[in-house]
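> A predicted structure for the sequence below; I have some questions about it.
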Amino acid sequence: MVQFRKKGQSDTPGSTEVLESEDFSFLENVDASVDGSPLSSIKLSEKPLPLDEMEEEKIDSPSSALEDTGDTSPLISQKDEPLFQPEENMVFGEREAPLEAQQTQAVPEGIQERLRLIISLRGTVMLFLLEKRNDSLEEGPRVKRILVPLRNVTYQAIIAFLAQDMKKSMNAELIMNHVYASIEDKGKAQTLFNKHISRIRQQMRKGVRNEFPHWAPAAEKFDLFKNEMDGNNSFWCLSSVCIVSGMDLLESFYNEMYALARVKKTQSIKDSVKEKKLLNNAHRLIKYYSGSYLEKNQHNEEEYVGGYLFERFNDLPFREWATSFFKECRRKYIFCIEQVAAREDLLWQEIKQPEYLENAAKLYKECAYAATCAPIDHKLGEHALRACLRLYRNAGENVVAAEGFYENYKRRVYRVEAEWVPEKETKALLYDIGLLEE
């Protein structure tokens, strides 16, 4: 269990509206699966520029991932897309650790408001420098987005570890105990951590100078990290220039659905506008979590993938903590989606409109397949499986639909656990529907 020191604001988001105007749809077009590179399917819109020459060593082994390596990968420009409105982020104290005390000044208001670092944790770690130009008379595109190929897995792990919660700062010792867990010499771990923080900053600032030359004078003030001292303890977090795509929505939507789930349903659902908003938020969350996989791959549901950092589970700097982060996010995610599915199910029972039946079935499937991504959560998976099968049965749907869903679910589980046996309640339902013989 990762421990945090809480700073300033409460960690409970106020409303799902916080991200309403954001648009990270460009992340759907990024394929990080080829050669481990986040650049695989990016269409270039302008000539890429090299990063700092000193960042120049590849990671060839698990041990080298923790050493002071670099990366000369170019920054890749992205085509124009609609942009989010910058959200309010908490502000921490301005005191900085001794390693770069001269870089502790606040980011100038202009660059802080118009240049952002977007962090995506879906599958792996991807970073985008993004600028919105407010003045239509300025030269160049209204929105400019640059993918930063930070291939050093330790650099990625530091950023991802801090990105678990933007509203809390973490003790440097805690970070080192997780990201540098394999290094017994704490002095060496501290030296590497300081050096890696410095290298990440250099690489980001080089990208700002190369790709956003009008911000070159302020590049040294662009800092994705915040650091303050409390006695002899050094605390770190991501700064307000960073936005972790989808995480605020997950937390705020989870809080909203948890509150709704505790309210006893004593009457029919009558607020169709509210239900439509909940459904829209569920679809937005699905887009962040699985890239809307089922919508795009209706004839290949068995290969569903979704979740945060699952491509990094076995990398040394992620090994101590990424799986638990994945599980906790998945638990909240499935809770949100299943709650919306249950409401759509209830609407179908009351109104009998086919769209509610279809919505509920799709959402239950999303939950069931998300739960069967390794490491499998059988309790959550079979709960969603049963809910969807009951829906098919109660609706008098063709047994083929129920059978196809169950077969996909079963094959997914067997690929990971060949000895899987369904829970007693699941077996009983399968017998009742005719998908399992005595």
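Arrived safely, thanks for sending. Numbers count the residues shown, from 1 in each chain.
> can you give me the helices in this protein?
Taking DSSP state H as the test, the helices found in the chain are 109-114, 153-163, 172-179, 186-211, 247-261, 272-290, 293-296, 322-351, 354-371, 378-394, 399-416, 424-433.
> tabulate these (a markdown table), appending mean neighbour count, distance to residue 133 and mean pLDDT.
C-beta coordinates here come from the backbone N, C-alpha and C atoms, glycine included. Below are these laid out as a markdown table (neighbours: other CB atoms under 10 Å; distance: least, CB to CB, whole Å; pLDDT from 0 to 100):
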| stretch | mean neighbour count | distance to residue 133 | mean pLDDT |
| --- | --- | --- | --- |
| helix 109-114 | 15 | 7 | 68 |
| helix 153-163 | 24 | 26 | 97 |
| helix 172-179 | 20 | 35 | 96 |
| helix 186-211 | 18 | 13 | 95 |
| helix 247-261 | 18 | 25 | 94 |
| helix 272-290 | 18 | 26 | 94 |
| helix 293-296 | 15 | 32 | 96 |
| helix 322-351 | 20 | 34 | 95 |
| helix 354-371 | 22 | 37 | 96 |
| helix 378-394 | 20 | 44 | 96 |
| helix 399-416 | 16 | 45 | 94 |
| helix 424-433 | 15 | 55 | 94 |
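> nearest to residue 218, of those helices?
Each of the helices of the chain has some distance to residue 218 by CB to CB; the shortest is helix 109-114, at 4.7 Å.
> just to revisit the earlier point, let's have the helices of the chain in CSV, adding distance to residue 222.
Listed next are the helices of the chain as CSV, based on distance: least, CB to CB, whole Å:
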stretch, distance to residue 222
helix 109-114, 6
helix 153-163, 15
helix 172-179, 21
helix 186-211, 5
helix 247-261, 22
helix 272-290, 25
helix 293-296, 35
helix 322-351, 27
helix 354-371, 36
helix 378-394, 41
helix 399-416, 43
helix 424-433, 53
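> quick one, which of the ones you listed gets closest to residue 235.
Ranking the helices of the chain by proximity to residue 235 (CB to CB) places helix 172-179 first, at 7.2 Å.
> how about the contacts made by the residue lying closest to residue 412 once chain neighbours are set aside?
Excluding the flanking residues, the one nearest residue 412 by CB to CB, 6 or more residues apart in numbering is residue 372, at 4.4 Å. With contacts defined as CB atoms under 8 Å, 6 or more residues apart in numbering, the neighbours of residue 372 are 304, 381, 409, 412, 413, 416.
> how about residue 209?
When contacts are counted by CB under 8 Å, 6+ apart, residue 209 touches 215, 216, 219.
> got it, and residue 238?
Shown here is residue 238, whose contacts under the criterion CB under 8 Å, 6+ apart are 119, 159, 162, 163, 166, 224, 225, 226, 244.
> doesn't residue 177 make contact with residue 190?
No: using CB atoms under 8 Å, residue 190 makes no contact with residue 177, being 11.4 Å away.
> columns distance to residue 253 on top of the contacts of residue 372, output as TSV?
Rendered in TSV, the data for these read as follows (distance: CB to CB, whole Å):
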residue	distance to residue 253
304	21
381	21
409	25
412	25
413	27
416	28
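> does residue 409 really touch residue 371, like I thought?
No: between residue 409 and residue 371 no contact is recorded; they are 9.3 Å apart, counting by CB under 8 Å.
> find residues that contact each of those two.
When contacts are counted by CB under 8 Å, 6+ apart, residue 409 and residue 371 have residue 381 as shared neighbours.
> got the domain ranges for this structure?
For the chain, the domain assignment from automatic domain parsing gives the residue ranges 5-244, 247-433.
> tell me how far the shortest one is from the chain's mean position?
Per CA atoms, centre = their mean, to the nearest Å, the displacement of domain 247-433 from the mean C-alpha position of its chain is 17 Å.
> and the residue nearest the centre of this protein?
For the chain, the residue nearest the mean C-alpha position is residue 121 (3.8 Å; CA atoms, centre = their mean).
> for it, which non-adjacent residue is spatially closest?
Taking CB to CB, 6+ apart, and ignoring the residues beside it in sequence, residue 121 has residue 308 as its nearest neighbour in space, at 4.4 Å.
> next, count neighbours for that neighbour.
The burial metric for residue 308, expressed as a neighbour count using other CB atoms under 10 Å, is 29.
> check contacts around it.
121, 122, 123, 289, 325, 326, 329.
> sounds good, over and out.
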